[in-house]
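1. Okay, predicted coordinates and the sequence, questions at the end:
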Amino acid sequence: MQITKTLWMLAYQTGEVGRLVPMYAEDEQGAWIEAYRWAAQHEVVLPEDAVLIHYPNGFTVHMSQLPGRVGENK
């Protein structure tokens, strides 16, 4: 069975620096799980105003592109 995950960006501020962390998840709840897993692995305390932004059609970064969807076999 194939599951389609879509691109989510975790957006948060540290001081005056904005940060974006890409992750793929089936839905927003799964994206928050991935966000907190990432934060724990990187010893980052997420601020209360951290948000997830959904990009199902992808996101372009410096002339490269992150796909909007990825498939995984379950």
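-> Received, thanks. All of these numbers come straight from a predicted model, not from anything done at the bench.
2. Assumed Gln40 was part of a helix.
-> One thing to correct before we go on: residue 40 is Ala, not Gln. Yes - looking at Ala40 with DSSP: H, G, I helix; E, B strand; the rest coil, it is inside a helix.
3. what's the burial count for it?
-> 11 (other Cβ atoms under 10 Å). C-betas here are computed from N, CA, C, even on glycine.
4. what do you get for Val21?
-> Burial of Val21 is recorded as 18 neighbouring residues (other Cβ under 10 Å).
5. where does this structure have low pLDDT?
-> Applying pLDDT under 70 to the chain flags residues 65.
6. How about the secondary structure of Gln29?
-> Taken by three-state DSSP, the conformation at Gln29 corresponds to helix.
7. Pull up the gap between it and Leu52, please.
-> To Leu52, Gln29 is 10 Å away according to Cβ to Cβ, to the nearest Å.
8. which residue ranges form the helices in the chain?
-> 28-41 (DSSP state H).
9. can you give me the strands in it?
-> Secondary structure of the chain (DSSP state E): strands at 2-14, 17-25, 51-55, 59-61, 64-66, 69-73.
10. most neighbours per residue, which of these?
-> strand 2-14 (a mean of 16; mean count of other Cβ atoms under 10 Å).
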